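Q: Provided below for reference: sequence and predicted model.
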Amino acid sequence: MGTPIIQVKTIHVSSVILAAKSSFFLKLFSNGMKESGQTQATVRVADSEEKAFMELLGFMYSGKLTPTEPTLLLDILMAADKFEVVSCMKLCGQRLIDLSMNLESAVRCLDLPCCISMADALQEAAQKFFAESGRYKKFPEFQDELMRVPFLGIMAILTRNDLEVASEVAAYDFVIRWACSWYPDSEESRRILSSFLIPTVSVHKANALLSDFIQSMKSILKQ
């Protein structure tokens, strides 16, 4: 593999403004630069984070957040968490809750680390999306989409009051494949499955078939 190319971009900023909005920059400007003897502050930002970082800088100057697209708002939320801009984290979180979720944003919200500000509220909103979206009322349609959905999202779908299971066999087959894909360890997948097996499948039947299904599905996934 070749050596990664690092691009250096110079941005003229007000240390006073950034330090007032960000604990990260406050520490950087007050201690970090003095200790290193630098006259310019340097931060590392991945290419995938650059757009969100620039939006974050704009927010620190203006106090306004113009993006309304959920994916970009999530990127800004992560950048705001990284650079400790609490006011931006709160605004991003509230805006995401107010906006209509889609599959991509709901999945990302469910995957947010618990240490992220408003993670609990965003995960609750994502679960509500899966619990109320008409797209996932009939189970297990749209299986390719559902294979990307984390545990909390699948639980929200399976516990819907209006859930329509077209085929118990198809539903059970999907849940097994999903669990084996998300939890490769046999014991872990067994534990997860036992907590939310499709209600229409009898417990005795599930216990009898569980080991065989796990092994057969793991073999299929390896092919």
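A: Nice, thanks for sending it over. Numbers count the residues shown, from 1 in each chain.
Q: S22: neighbouring residues, count only.
A: Under the neighbour criterion other CB atoms under 10 Å, S22 is assigned a count of 23. In short, each C-beta sits where N, CA and C put it, glycine included.
Q: kindly apply the preceding question to M54 instead.
A: M54 has 14 neighbouring residues, counting by other CB under 10 Å.
Q: buried residues, the strand or helix carrying it. List them.
A: For M54, the host element (DSSP states H and E) is helix 50-62. The neighbour-count check on helix 50-62 (16 or more other CB atoms under 10 Å) flags A52, F53, E55, L56, L57, F59, M60 as buried.
Q: out of those residues, who's nearest I11?
A: Distance to I11 across the buried residues of helix 50-62 (CB to CB) is lowest for L57, with 7.3 Å.
Q: I'd say that closest one and I11 touch.
A: Yes. With contact defined as CB atoms under 8 Å, L57 counts as touching I11 (7.3 Å).
Q: just checking, R135 touches F142?
A: Yes. With contact defined as CB under 8 Å, R135 counts as touching F142 (6.6 Å).
Q: ok now do H12, which residues does it touch?
A: By CB atoms under 8 Å, 6 or more residues apart in numbering, the contact list for H12 is empty.
Q: tell me how many other residues surround W178.
A: Neighbourhood size, W178 [other CB under 10 Å]: 22.
Q: list the buried residues of the helix or strand encompassing it.
A: Assigned by DSSP H and E, W178 belongs to helix 168-182. By neighbour count on 16+ other CB under 10 Å, the buried set for helix 168-182 is A171, Y172, F174, V175, I176, R177, W178, A179, C180, W182.
Q: repeat for stretch 63-74
A: Those would be L65, P67, P70, L73, L74, for stretch 63-74 by 16+ other CB under 10 Å.
Q: quick one: which of the residues you listed sit in helices?
A: Cross-referencing the buried residues of stretch 63-74 against helices under DSSP state H gives P70, L73, L74.
Q: okay, those residues in CSV with distance to V165 next?
A: CSV is the format used below for those (distance: CB to CB, whole Å):
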residue, distance to V165
P70, 30
L73, 34
L74, 32
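Q: out of the residues you listed, flag the one nearest to V86.
A: Among these, and counting by CB to CB, the member closest to V86 is L73, at 15.9 Å.
Q: hmm, back to that, name the residues that touch the helix holding M54?
A: Counting by CB under 8 Å, 6+ apart, 11, 13-14, 17-18, 21-22, 45, 64-67, 72, 75-76, 78-80, 83, 85, 88, 91 sit against helix 50-62.
Q: could you find the closest non-adjacent residue to T68?
A: L99 (6.8 Å; CB to CB, 6 or more residues apart in numbering).
Q: ok, back up a step: any chance of TSV for the buried residues of stretch 63-74, columns distance to R160 and pLDDT?
A: Shown next, in TSV, are those (distance: CB to CB, whole Å; pLDDT from 0 to 100):
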residue	distance to R160	pLDDT
L65	33	93
P67	31	91
P70	22	92
L73	27	95
L74	25	95
